[in-house]
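Enquirer: A predicted structure for the sequence below; I have some questions about it.
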Amino acid sequence: MAKKKPFVRSTEELLKKYQTLGKASGGGPGARMSRTGKPQDTRKSIARLFGYLARYKGRIALALVCVLCATGANLLGSYMLRPIINGLVENHDLGQLTMGLVKMASIYCIGIIANYAQQRIMISVSQNTLKAIRDELFVKIQALPVRYYDSHPKGELMSRFMNDVDAMGEMMNHSVISLFSGMITLIGTLVLMISMNWILTVITVLFVPLAAMASAAIAKRSRRFYREQQAALGAVNGYVEESVTGQKVVKVFNHEEVCMEEFGLLNKDLRKKQIFAQFFGGIMGPVMGNLGQISYAITACVGGILCVTRGFDVGGFSVFVNYSRQFSRPVNELSMQVNTIFSALAGAERVFAVMDEEPEPADPADAVSADDIRGHVEMKHVYFGYLPDQVVLKDINLYAKPGQKIAFVGSTGAGKTTVTNLLSRFYDVQEGEITIDGVSIYDYERKGLRSKIAMVLQDTHLFTGTVMENIRYGRMDATDEEVIQAAKSVSAHHFITRLSDGYQTMIDGDGVNLSQGQRQLLNIARAAISHAPILVLDEATSSVDTRTEKQIEKGMDALMSTRTTFVIAHRLSTVRNANAIMVLEHGVIIERGTHEDLLAMKGRYYELYTGKAELD
Amino acid sequence: MRFYGKYIKPYLLFFIIGPILMLTEVLGEVLMPKMMANIINIGIPGADNGFIIRMGIAMAGIAVMMMIGGVGGNYFACRASIGFSADLREDLYNKVQKFSFANLDHFQTGSLVTRLTNDVTQLQNLIRMSLILMLRAPGMMIGAIIMAIRINASLALIIAIILPVLAITIFILMKTAFPRFMSMQKKIDALNTSVQENLTNVRVIKSFVREDYERGRFEEKTNDLKEHTLSAMKMVIITMPVMTAAMNLTTLAVVWFGGRQIIAGNMLIGDLTAFTTYVIQILSSLMMVAMIILQSSRAMASSKRIKEVMEEEVDLNDDAAACKDLEVREGHVEFKDVCFRYYKDHEEWVLDHINFEAKPGEVLGIIGSTGSGKTTMVQLIPRLYDVDEGEVLIDGVNVRDYSLENLREGVGMVLQKNVLFSGTIEENLRWGDGEASEEEIREAAQAAQADDFIMSFADQYASELGQGGSNVSGGQKQRLCIARALLKKPKILILDDSTSAVDTATEARIREAFHTSLKDTTKIIIAQRIGSVMDADHIIVVDEGRIVGSGTHEELLRTNQEYQEIYYSQQDQQKEGA
């Protein structure tokens, strides 16, 4: 057996393939940055944000007054040094020094208290507002139709809750106040400087455009290299995600070395691109800070000469140089806050966009109560497509009554699951009518209707909580005994008791500690405990082995004996004893009848059943 | 920190030059106030414009030097941190490549991905920040203290008193704040989990009409988060006024005592202004240190998670292999009294005294209910896990005595949870053999009954597969995975429930192809459907980790109760299908 040479792709090829992958998975800090973007309709979003804040009008006004006091005190406090120093220069008077210091101390006190009060007020306002936004967003999302969930990736909605709401919080916590206090500082400093010496003020202000130009030049490069870095990072993350997910396959194929080599290529590329991005990102601070130092030096020089030639007071001079050094600081901070604010507004806009999505329409005023539904289901000439011009279901007709089991068989995409989507009003029919007990399902109260249909879905999702809680989800007032009874009826009791804490075992991370088959059994138990007269089983036992399936048959039969049951199954043995089997193909029922009828027909069902055709 | 020495070493020069260049900034910041003081003390009283201009030029020159030092220091800090993290990332990735299946089970996939991506980035940012601030903050503190003492030692006493008091206060504040931040982070995680669950389970929630229930639970969580955030933030906002108060108090004290000295004629005005600047520098560098510590706590968590990966003991290697050059020649498999369990602290065996044999060219079928241990059993053959008792022999040699590479080269395995990778179909198949010719690739695909559908794609073998093969159907994916394993031309081929989505007719053709093209290969087939194994030379029935039956289909059907049960649960279908 000769050693097989590994097959390594080039950096370019890898970058092309994995960049999008990394981006789609949205991991890393890059995801947050790439989503910032510019807000579309700024004014409307701001108005809406203010709407949330309006509840705290009084407190915010108080906070702003505090900011004003704090910033003013800060400026005045350092200004107080001027008379003190001048006093020391002119007449060595201890009394004047004491008076000056007392004034200064009281100003500082006011500043500290005001500053603390402002922060205390603002964090409580912003946290309350964030909670309100989160809660509202959650309620709005809950009310969205299933269609929305099917057409939007889950990660996108997650990012609304995490990144976007966080960005809004960041803005409320800091930016607005910083913006306000920065502006006051800027204006206050300017006024004080002009009042002290206009020549020095002109010199200081001249540095502002210089600083702005330097900052713009750096920011431009920094942005460009940053984009490149994010793309490279995306590729690395994408590659890691894919290969680590498939790590077991990698090992089985002795493919570790190829992976290491390919990863090495991408990592090298990232390293190269990161250097420029990080460098330009990092020099903003030193460049801007030291421009301030240069301005300080020049002011010191010119100011000193002014003291000598024009009699500028030494106290004013020493206060002024400090102002001049700090003058560019609020300018920088303002420009940084503008970025935060823009990305927060863009986030707010996306959050509001979700909130504005059309929810499931409200029940009509004369909606029929669903309390007495018994389970006579009828579909009459039902047509449906997920898009207006698409036909997924064509002219579906069926009738089912309590105790009957109707099965759907057909390839993936034939429309089996769609039928059940329509029944529980996850989607609305385009034409035709579905009635339960003779009443159109659209005339019932939506929630009432859904509570009469117990569903076991293909994707077995469980909730964080105990096994007991997960089964009880089917009927909240079920007693522990009833839960155990339900678990027994679907043969789940045995494995549950073998879990570390039995029924009290915590399920987390979507039940990773359970096998797929066990999770399906819990899902069935959850449906079994509900008293709903209509039962939908969508590939409910696909991961349960045939022997276990046989074992739960009895429990299932008991469950189904009083209910109207719809079964969708890949495994044909599951549907054999149905009262009617519908063979769906391209949205049309092409064959219907009992198992025996269909076999005798020697049509599509016969082919599937005898393994002459593949079900996918 | 010794752990990271390896990653610092190649960039040691950058790690040193970076902070040193940053020191120029410190030097400048410390010198400038004194020069300013000179202007006030010497230039102005002496009306010496020449002196003032010389000082001004010197100060401007220093500022330019500071800018150069700052930019340069930043450059080297970037080089150092990027080099460090790139090497670390690569080592981490390579370490994961060495992980055994047990190691991989220990960390979950998602967590491994986070550790390799986010956590490394966190650490990288911390290093860059600390390289920039490492010498800067303490340097500024020391420099400013020296200058302060030189100007006026008695005034410097004020600093000596306030500094430790403030440091202790900050320490206490941080110590209180830290656990609060930790619990806040937990609440954030809980909230995110809850959102994710609600998004994934939307159909369940809607169909059981549990919206209000979920809403209640969610509001509890947002409230929890709010309370915990507030309690953490309260500590943060106390820090600011405490710091400002300390700074102001010191300034006042300096001006008061300094002013008295000036009145007494023992101190110059310029020195007083310089001194107040130094006070601010000293206290703000203390704050900077506190900030670094606070921010690094998050990166420390990342560092811990990274270390866990790097220090995870790879519990399976071929260091002790006796015949490293030996390759799998025949494909004779034998299990002798094999016992195995995943968690060594569990009492129950997952495999309990397993004995069986598969001869070269034979087909061995394994059947049993889910969780019975079938998959575990075959994973011991290519040594994906190590047995706890007994031994697995291939060609009479213990699998532990082969080199892992040779062993796994000889065993082709199609996993139950199989994945394809982004890339073309051909690239994916080539995993089996990087050097395979086009004919060989087609032959393998034909044997796996995949050639027909591949040729029906527009780009045929060059068709791109989406991530994980999302654009082919389940049955097609399984056939591609089989073809990939076939291309390896293994001596032992293991199919772990790998044809569940393939229709029985196609499956039969695949089995037929095995007979002709893999005549000498030992074939081990795990299946749910009896039809998939009934024509095997030998079938073993597994239940709860034990072999409860063994023989041909006919023998088992006559004698074995479990086999009968499985058979009858499927028999109607089989009757027609066989």
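Expert: Done, it's in.
Enquirer: give me the pLDDT for the residue of chain A most remote from its centre.
Expert: Relative to the C-alpha centroid of chain A, counting by C-alpha atoms, centre = their mean, A:Asn91 is the outermost residue, at 66.7 Å. On pLDDT, A:Asn91 comes in at 73.
Enquirer: any idea how far A:Leu97 is from it?
Expert: Taking C-beta to C-beta, to the nearest Å as the measure, A:Asn91 falls 10 Å from A:Leu97. Where you see a C-beta, it was placed from the backbone N, CA and C, and this is true even at glycine.
Enquirer: then A:Met172?
Expert: 44 Å.
Enquirer: how many residues are close by residue 506?
Expert: You didn't pick a chain, so chain A it is. 13 (other C-beta atoms under 10 Å in any protein chain shown).
Enquirer: that answer is for a different chain, and I need it for chain B
Expert: 21.
Enquirer: could you report the pLDDT at whichever residue of the stretch 401-550 of chain B sits closest to chain A?
Expert: Residue nearest to chain A within the stretch 401-550 of chain B: B:Thr504 (2.8 Å; C-beta to the nearest C-beta). Looking at B:Thr504, its pLDDT stands at 71.
Enquirer: need phi/psi at it.
Expert: Main-chain dihedrals, B:Thr504, degrees, to the nearest 10: phi -60, psi -30.
Enquirer: same check, this time on A:Ala454
Expert: According to degrees, to the nearest 10, A:Ala454 has phi -90, psi 130.
Enquirer: for it, what are its contacts?
Expert: Neighbouring residues of A:Ala454 by C-beta atoms under 8 Å, 6 or more residues apart in numbering or on different chains: A:474, A:527, A:530, A:532, A:534-536, B:207-208.
Enquirer: which SSE is B:Lys344 in?
Expert: For B:Lys344, there is no enclosing helix or strand under DSSP states H and E.
Enquirer: I'd like the distance from it to chain A, if you could.
Expert: Separation of B:Lys344 from chain A (C-beta to the nearest C-beta, to the nearest Å): 16 Å.
Enquirer: what about that residue, how many neighbours?
Expert: Neighbours around B:Lys344, by other C-beta under 10 Å: 7.
Enquirer: quick one: the strands in chain A?
Expert: Secondary structure of chain A by DSSP state E: the strands cover A:377-384, A:393-400, A:405-409, A:431-436, A:439-440, A:453-456, A:465-466, A:506-507, A:534-538, A:564-568, A:580-585, A:588-593.
Enquirer: can you check the stretch 251-400 of chain B too?
Expert: Applying DSSP state E, counting those that start in this stretch to the stretch 251-400 of chain B gives strands spanning B:333-340, B:351-358, B:363-368, B:389-394, B:397-398.
Enquirer: among these, which is the most enclosed?
Expert: strand B:363-368 (a mean of 25; mean count of other C-beta atoms under 10 Å in any protein chain shown).
Enquirer: so which elements touch it?
Expert: helix B:374-379, strand B:522-526, helix B:530-533, strand B:538-543, helix B:561-577 (3 or more C-beta pairs under 8 Å, 6 or more residues apart in numbering or on different chains; DSSP states H and E).
Enquirer: buried sites along the next helix or strand after the fourth one?
Expert: Looking back up the chat, that one is strand B:538-543. Heading C-terminal from strand B:538-543, the first helix or strand you meet, by DSSP H and E, is strand B:546-551. Across strand B:546-551, burial judged by 16 or more other C-beta atoms under 10 Å in any protein chain shown covers B:547, B:549-551.
Enquirer: run through these and flag the ones next to chain A.
Expert: Among those, no residue sits close to chain A (C-beta under 8 Å from any C-beta of the partner chain).
Enquirer: follow-up on the earlier one: format the strands of chain A as CSV; extra columns: mean pLDDT.
Expert: Below are the strands of chain A laid out as CSV (pLDDT from 0 to 100):
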stretch, mean pLDDT
strand A:377-384, 90
strand A:393-400, 88
strand A:405-409, 87
strand A:431-436, 90
strand A:439-440, 90
strand A:453-456, 86
strand A:465-466, 84
strand A:506-507, 80
strand A:534-538, 88
strand A:564-568, 89
strand A:580-585, 85
strand A:588-593, 86
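Enquirer: closest one to B:Lys307 among those strands?
Expert: Of all these, strand A:506-507 sits nearest to B:Lys307, with 27.4 Å by C-beta to C-beta.
Enquirer: what helices or strands is that closest one leaning on?
Expert: Partner elements for strand A:506-507 (3+ C-beta pairs under 8 Å, 6+ apart): strand A:465-466.
Enquirer: same thing but 10 Å
Expert: Counting by 3 or more C-beta pairs under 10 Å, 6 or more residues apart in numbering or on different chains; DSSP states H and E, the packing neighbours recorded for strand A:506-507 are strand A:465-466, helix A:467-472.
Enquirer: show me how the record splits chain A into domains.
Expert: With domains defined by automatic domain parsing, chain A comprises A:9-38+A:198-311, A:41-196, A:366-452+A:536-544+A:557-616, A:462-531.
Enquirer: tell me the contacts of residue 150?
Expert: Since you didn't name a chain, this refers to chain A. Shown in contact with A:Asp150 (C-beta atoms under 10 Å, 6 or more residues apart in numbering or on different chains): A:386, A:421, A:426-427, B:202-203.
Enquirer: not quite, go with chain B.
Expert: Taking C-beta under 10 Å, 6+ apart, one finds B:34, B:156, B:271, B:278 in contact with B:Arg150.
Enquirer: quick one: those residues as CSV, columns for neighbour count too.
Expert: Compiled in CSV, the contacts of B:Arg150 are given as follows (neighbours: other C-beta atoms under 10 Å in any protein chain shown):
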residue, neighbour count
B:Lys34, 18
B:Ala156, 20
B:Asp271, 23
B:Tyr278, 27
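Enquirer: so what's the residue nearest to the spatial centre of chain B up against?
Expert: The C-alpha lying nearest the average C-alpha coordinate of chain B belongs to B:Arg115 (C-alpha atoms, centre = their mean; 2.2 Å). The contact partners of B:Arg115, by C-beta under 10 Å, 6+ apart, come to A:240, A:244, B:92, B:96, B:107, B:302, B:305-310.
Enquirer: cool, B:Glu562 as well?
Expert: When contacts are counted by C-beta under 10 Å, 6+ apart, B:Glu562 touches A:547, B:367-369, B:372, B:541-543, B:548-549, B:556.
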